[in-house]
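Asks: Got a sequence here, can you build the structure:
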Amino acid sequence: MRRLWLQRTATKAIAFFVFLLIVFVYVYNFVFARINEDDISGSTEMFVRQRLTVKYGINCSAIYDMEPVELGKSLAVHKNKSYVGPSDMKIANATSDCDRFVVSEGFDAIQGSEFEREFPLAYSLVVHKNADLVERLLRAIYMPHNVYCIHYDQKSSDDFKSAMQGLTRCLPNVFIASKLERVQYAAISRLKADLNCLSDLMESEVKWKYVINLCGQDFPLRTNAELVSDLKMLKGKNMAETRQPGGKKWRWSFHHALKNNISEYYKSPLTISEQKLPPPYDLQMFVGSAYVTLSREFALFVHWSPLVRDFLVWSEDTYSPDEHFWATLVRVPGVPGEVMRSDPDITELTSKTRLVKWVAFENILYPPCTGKHVRAVCVYGAAELRWLLNYGHWFANKVDTDVDPVVIECLEEKLKNR
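Replies: A predicted model of the protein is given here:
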């Protein structure tokens, strides 16, 4: 009897084990199939970007009017870091279905007036991270008759590169630079990235009137129509900061090394004791911003001139050459849109291209930063919305959804309503 009881118990145990195994296999297959379905559907799924002004009931017009209650709401969003944007991978996946992407992000609805179409613009975007912010910048400056070159850093992540490639696949007037640099802080590679895009833009079928270079943390403060109106008033002149070098002469008085003895890149170019020869063609040096607005005629001069080519070679081992290259060239006698060497300094506050707020000049030249300081530069907060829109510049630097997404949403809304 005992043996029979043991056999029956063993049989029941085996049957129960088999039953559990069947259930496990069924559940595993079901879950695995769902995961695969999610992966497949997610490959073309449109991302949904959070709208914190909607979620928290923030009124951008009230922000603009500096109403305390609305500013308090935006400050709470800023402090709580409430924004979670779509990842680079999600944007890359979304662009795998271009028809859906173009419609969902509103690119198809963007149309310029005849006034704008008669004055096309070109853009050079040198970017390296945060595809979410780059896509928002591109949409904010996008016009189907303009042309856009994107240069991404060779060090960028694969997901970011895929997202940028996806944007260019879905938008026919947006393309990746034909030559890409490994961009190093304050080195010649940053300038070459813009020059690579400029060279490609010169080959474009779009006969643009002006070219503007931007980075991934810039954002427009004017509509395309307003910008065109301002640019027409320049009558071929460039918009660039250009001033006397002052204490920055060391940047080109000495050679700078980019790599150490085992060819590893320094974090920034390292000054070495050997003095450099003066610049070629007896050029008088000026300093300014790396970000400029250049006429097509001046861009042609940059593209073809032996002077520019030799000056670029000479600048290879200088510190932050992008901050003296343009500032010096616009002062060369006889160049298109020339700024006379004897003319007063054109500072970053009088050059309209880009509005930057430096911590050293807060409460002196402009109100204090309400966002966050990064390397002595303000990343704007929502309380600066009115100042940004009214100061008269064309683009703001810096914005960051990780610091204050509300100011970006309100800029988007204000520009759209115009």
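Asks: Send me stretch 391-406 as CSV with only the CA atoms.
Replies: Extracted C-alpha coordinates of stretch 391-406, given in CSV (Å, rounded to 0.1, in the frame of the first residue of the first chain):
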residue,chain,number,x,y,z
TYR,A,391,15.6,93.2,-26.3
GLY,A,392,15.8,93.2,-30.1
HIS,A,393,18.1,90.2,-30.8
TRP,A,394,17.3,87.3,-33.2
PHE,A,395,18.3,84.2,-31.2
ALA,A,396,18.8,83.4,-27.5
ASN,A,397,21.6,81.4,-26.0
LYS,A,398,21.3,79.3,-23.8
VAL,A,399,18.1,77.3,-23.4
ASP,A,400,17.8,73.8,-21.9
THR,A,401,14.8,71.7,-21.1
ASP,A,402,16.7,70.2,-18.2
VAL,A,403,16.9,73.7,-16.6
ASP,A,404,13.7,75.4,-17.6
PRO,A,405,11.3,73.9,-20.2
VAL,A,406,8.6,76.5,-19.6
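Asks: Any idea how far that stretch is from the middle of the chain?
Replies: 11 Å (C-alpha atoms, centre = their mean, to the nearest Å).
Asks: Now do the buried residues in it.
Replies: Residues 393-401, 403-406 are the ones in stretch 391-406 that count as buried (16 or more other C-beta atoms under 10 Å). From N, CA and C alone the C-beta is placed, and that goes for glycine too.
Asks: Which member of the residues you listed is positioned nearest Cys170?
Replies: Distance to Cys170 across those (C-beta to C-beta) is lowest for Thr401, with 21.6 Å.
Asks: My guess is that closest one contacts Tyr83. True?
Replies: Yes: here Thr401 reaches Tyr83: they are 5.1 Å apart, a contact under C-beta atoms under 8 Å.
Asks: now, which of the buried residues of stretch 391-406 lie within strands?
Replies: 395-397 (DSSP state E).
Asks: Tell me the neighbouring strands of the longest strand anywhere in the chain, and mark each as parallel or antiparallel.
Replies: Using DSSP E, we find that the single longest strand of the chain is strand 265-275. Here strand 265-275 has these sheet partners by DSSP bridges: strand 254-259 (antiparallel).
Asks: Show me the contact partners of the strand it pairs with.
Replies: For strand 254-259, contacts defined as C-beta atoms under 8 Å, 6 or more residues apart in numbering pick out 184, 187-188, 265-266, 269-276, 317-319.
Asks: same check, this time on stretch 72-80
Replies: So stretch 72-80 is contacted by 52, 56-58, 63, 83, 371, 381-383, 403-407 (C-beta under 8 Å, 6+ apart).
Asks: Out of these, which end up buried?
Replies: Buried subset of these (neighbour count, 16+ other C-beta under 10 Å): 52, 58, 63, 83, 371, 381-383, 403-407.
Asks: What is the nearest of the residues you listed to Trp208?
Replies: Val407 (29.2 Å).
Asks: and the closest residue in space to the closest one that isn't next to it in sequence, what does it touch?
Replies: Residue nearest to Val407 in three dimensions, not counting chain neighbours: Ala382, with 4.5 Å by C-beta to C-beta, 6 or more residues apart in numbering. Contact partners of Ala382, counting by C-beta under 8 Å, 6+ apart, are 63, 71, 74-75, 78, 370, 404, 406-407, 410.
Asks: ok, 10 Å please
Replies: 53, 58, 60, 63-64, 70-71, 73-75, 77-78, 370-371, 404-411 (C-beta atoms under 10 Å, 6 or more residues apart in numbering).
Asks: One more: Asp99?
Replies: Asp99 touches 108, 170, counting by C-beta under 10 Å, 6+ apart.
Asks: Would you mind measuring from it to Phe107?
Replies: 11 Å (C-beta to C-beta, to the nearest Å).
Asks: Please identify every residue contacting each of those two.
Replies: Cys170.
Asks: just the strands in the chain please.
Replies: For the chain, the strands defined by DSSP E cover 121-127, 147-152, 174-176, 210-215, 218-220, 254-259, 265-275, 293-295, 354-356, 372-374, 377-379, 395-397.
Asks: Report the residue spans of the stretch 251-400 of the chain with pLDDT below the cut-off.
Replies: Regions of the stretch 251-400 of the chain meeting the criterion pLDDT under 70 are absent.
Asks: close enough to count as contact, Arg182 and His151?
Replies: No: Arg182 lies out of contact with His151 (C-beta atoms under 10 Å); the separation is 11.4 Å.
Asks: neighbour count winner among those two?
Replies: His151 (27 against 12; other C-beta atoms under 10 Å).
Asks: so who does that one touch?
Replies: If you count contacts by C-beta under 10 Å, 6+ apart, His151 has them with 124-128, 164, 176-181, 183, 190, 192-197, 200, 213.
Asks: Just give the nearest non-adjacent residue to Ile346, would you?
Replies: Among residues not flanking Ile346 along the chain, Thr242 sits closest, at 5.0 Å (C-beta to C-beta, 6+ apart).
Asks: Unless I'm misreading it, Asp65 sits right up against Ala383, doesn't it?
Replies: No: counting by C-beta under 10 Å, Asp65 does not reach Ala383; the two are 11.4 Å apart.
Asks: Give me the common contacts of those two.
Replies: Leu71.
Asks: before we move on, back to that, report the buried residues of the longest strand of the chain.
Replies: Buried residues in strand 265-275, defined by neighbour count with 16+ other C-beta under 10 Å: 265, 269.
Asks: any idea how far Val127 is from the residue nearest the centre of the chain?
Replies: For the chain, the residue nearest the mean C-alpha position is Gly216 (1.2 Å; C-alpha atoms, centre = their mean). As for Gly216, its distance to Val127 is 4 Å (criterion: C-beta to C-beta).
Asks: same thing with Leu191?
Replies: To Val127, Leu191 is 16 Å away according to C-beta to C-beta.
Asks: can you list residues touching both of Arg182 and His151?
Replies: Listed as contacting both Arg182 and His151 by C-beta under 10 Å, 6+ apart are Ala193.
Asks: burial measure for Glu338, as a count.
Replies: Neighbours around Glu338, by other C-beta under 10 Å: 16.
Asks: so how far is Arg169 from it?
Replies: Glu338 is 40 Å from Arg169, where distance means C-beta to C-beta.
Asks: Does Pro172 touch Asn146 like I think?
Replies: No: in this structure, Pro172 is not within contact of Asn146 by C-beta under 10 Å, at 11.6 Å.
Asks: between these two, which one's more packed in?
Replies: Shown here are Pro172 and Asn146; by other C-beta under 10 Å, Asn146 has more neighbours (21 against 10).
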